[in-house]
Every structure is written in C-alpha cells, then in structure tokens.
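mind looking at a prediction? Sequence and model below.
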Amino acid sequence: MKRNKRERQSMLTETIKENPFITDEELADKFAVSIQTIRLDRLELSIPELRERIKNVAEKRFEDEVRSLPLEEVIGEIIDIELDQSAISILDIKREHVFKRNKIARGHHLFAQANSLAVAVINDELALTAKANIQFTRSVKEGERVIAKARVKKIDNNNGRTHVEVMSYVNNELVFKGEFEMYRSKNEK
C-alpha cells in the first residue's frame, strides 16, 4: 500500500526508533519505495545513517557501564565490555596515527588503546595505572584495524590492585601485549 510522504515519514521514524539497526534496504522494502527515497526521508528528518545509529546505541549503552573514565577518553571504540571481566575495542589506524616516512603506527597509540581499555574494564570510579609490562610484537601500518582484548586476571581487594591483560591483534596476528597492574579504590569490589 502506497502512503503519502507525511505518513511514510511518521512510520519511518517509529520503525527506526523501535529498531535502530534496520537498514535502508529493509526500510525501502517495508515502505515500497526506493532506497534513495528512504535516504531523502532520513535527511529531512535528521535521522543518521545505520552506522551512526549503531554507534550511538553502543555509546549510550557503554556510557552507563563504563565507570572509571568518560567514554570519549577511551582510545578506540569499545564494542563489548563486562566490567571486572573483559572488554574489546577497535582502533582503525589512520594517517594521524602513523609516522610520515614509513606509515607505521606510533607505539603510543597502541599503548593508549590497550591502557584505556584496561582502565575502562575496571568496575570502579577510580582506576589508575600503577605498573605496565608491554611488548610490541610487530609493526602496525596505516589502514589496519587493531582489535584489543582485555581480560581481568586478578582482583586483589587487600591492596586495591587489579591485574589486566590486554592482547591486541591485526587480522588475528598478535601485534601488542600488555600486563597492567591497576590501582582501584579499596572500598569497591
């Protein structure tokens, strides 16, 4: 059934509100219009594209979960987190992350991704790095995607320390590994 523009846009808004992960192709099928019409409707309604909607949903979800630092201070994009257990983030290496002459990523970006993930996984308002033992196992180049995986190995409430292991990969190849000893408030578990 063909709907007028106002009805379609109203239903489009409701549909996306209920399912922010629906694609423009699925919306075009649902409303029996072209993908271009859906894109124009979204533009008029100021509804972002799918990728941006997914990012917004993820940020809103993790905003409530990450306690130890503001989400915008995490280097890379957190895609999964279970406080005091594990976390995963991704970092796409771009021009601003690499040395000009050889397009190899500067080490501090990989360290910052791993370290901020080690902080984010802590279920505490206060988490600081006390000690780090790191190793770069291969160079990372512009255009590569680094996936960092953090795992809490031990929580010692007596001295307020948490041990977090972070392994970073490019295409399943280990590029960085780090053991972080994190300070946390002794009152929290």
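Received, thanks.

toward the C-terminus, what is the element adjacent to the helix or strand of the chain with the lowest mean pLDDT?
Every helix and strand of the chain was ranked by mean pLDDT, DSSP states H and E. The lowest is helix 50-65, at a mean of 70. Per DSSP states H and E, the first helix or strand lying C-terminal to helix 50-65 is strand 77-82.

can you list contacts of that following strand?
Strand 77-82 has contacts (CB atoms under 8 Å, 6 or more residues apart in numbering) with 55, 58, 62, 65-66, 71, 86-91, 117, 120-121. C-beta here means a position set from N, CA and C on the backbone, and glycine is covered the same way.

could you do stretch 8-24 as well?
3, 27, 30-31, 33, 35, 38-39, 41-42, 44-45, 47, 49-50, 53-54, 56-57.

residues in contact with Ile38?
Counted by CB under 8 Å, 6+ apart, Ile38 has contacts 12, 24, 27-28, 31.

what pLDDT does it get?
Ile38 carries a pLDDT score of 93 in this model.

how close does it sit to Pro20?
14 Å (CB to CB, to the nearest Å).

ok, now Glu14?
12 Å.

now Ala28
Taken as CB to CB, the span from Ala28 to Pro20 is 17 Å.

report the distance from the helix or strand containing Ala150 to the chain centre.
Per DSSP H and E, Ala150 falls inside strand 145-156. The chain centroid and the centroid of strand 145-156 are separated by 14 Å, computed with CA atoms, centre = their mean, to the nearest Å.

for that strand, give me every contacting residue.
So strand 145-156 is contacted by 76, 84-93, 105, 110, 113-114, 117-118, 120-122, 140, 162-170, 175-176, 189 (CB under 8 Å, 6+ apart).

perfect, that will be all.
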